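Novice: Fold the stuff below for me.
(3 chains)
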Amino acid sequence: MAEARALLGARVTHAGVTVRVTEVEAYGGAGDPASHAGRGPTPRSAVMFGPPDVLYVYLSYGMHHCANVVVGPEGDAAAVLLRAGEVIDGHAIARQRRGPVPDVALARGPACLGQALALTVADSGTSLRGGPVALRRSHPPASARTGPRVGVSKAADRPWRLWLPGESTVSAYRRSPRAPAR
DNA sequence: ATTCGGATAAGG
DNA sequence: CTTATCCGAATT
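Specialist: Prediction:
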């Protein structure tokens, strides 16, 4: 999970909007039943099996675009879902895409973040180094909180959701209604 | 607290 | 073909 932690505070820029990442969630490959890669490669998840520092975007529930950063070495199929962030540049453009929501909600939630940055499945597989989508890692965060993953029905209790403490752009924790009760 | 939307993939 | 899913908005 060191890769996930290192992405907290990173900046992602695309299409006129820059976001500072405040919340992430880690997904493994084989052996992680909640991961799209957990049961072998599919056309959708193929990029997770490729080299790191590549964007993996998937369409959730037929309408939301969620962005991940592929992190493992080639063949490992690990990725980090960008769950939330703070828009630090391009507010007007982001609000145009997201509607009249408060600034703190512009990229709160994985689908909102994807929409604010105008990422779609067409961007899946693009490199984050020198491509149209730029990822700038920052100094590792001084502190980070961890907790169970959100929205997954299997293996939700692996503490693989990480966020920066005291950030108002972090989404409120809400356990998946289908996850087994604790 | 519940419903819906509607791509992708797995199971029957 | 049927069911489930890394979600969010709009409803009750």
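Novice: May I ask you to confirm that residue A:45 is in contact with residue A:39?
Specialist: No: using Cβ atoms under 8 Å, residue A:45 is not in contact with residue A:39, being 9.1 Å away. C-beta: built from backbone N, CA, C; applies to glycine.
Novice: Please compare those two by neighbour count and tell me which comes out ahead.
Specialist: Set residue A:45 next to residue A:39 and count neighbours by other Cβ atoms under 10 Å: residue A:45 wins out with 22 against 12.
Novice: if I pick that one, what's in contact with it?
Specialist: A:36, A:37, A:56, A:58, A:77 (Cβ atoms under 8 Å, 6 or more residues apart in numbering).
Novice: now residue A:89, which residues is it bridged with?
Specialist: Legend: beta-bridge partners of residue A:89 under DSSP bridges are residue A:18.
Novice: Check the spacing between it and residue A:126 real quick.
Specialist: Here the distance between residue A:89 and residue A:126 works out to 20 Å (Cβ to Cβ, to the nearest Å).
Novice: And the residue lying closest to residue A:70 once chain neighbours are set aside, what's its pLDDT?
Specialist: By the measure of Cβ to Cβ, 6 or more residues apart in numbering, the closest residue to residue A:70 outside its immediate chain neighbours is residue A:54, 4.5 Å from it. pLDDT recorded at residue A:54 is 96.
Novice: Can you name the residues bridging to residue A:54?
Specialist: residue A:70, residue A:127.
Novice: Surely it is in contact with residue A:126?
Specialist: Yes: here residue A:54 reaches residue A:126: they are 7.0 Å apart, a contact under Cβ under 8 Å.
Novice: For the two, indicate the residue with more neighbours.
Specialist: Between residue A:54 and residue A:126, residue A:54 has the larger neighbour count (other Cβ under 10 Å), namely 23 against 17.
Novice: so who does the more buried one touch?
Specialist: Residue A:54 touches A:47, A:69, A:70, A:125, A:126, A:127, A:128, counting by Cβ under 8 Å, 6+ apart.
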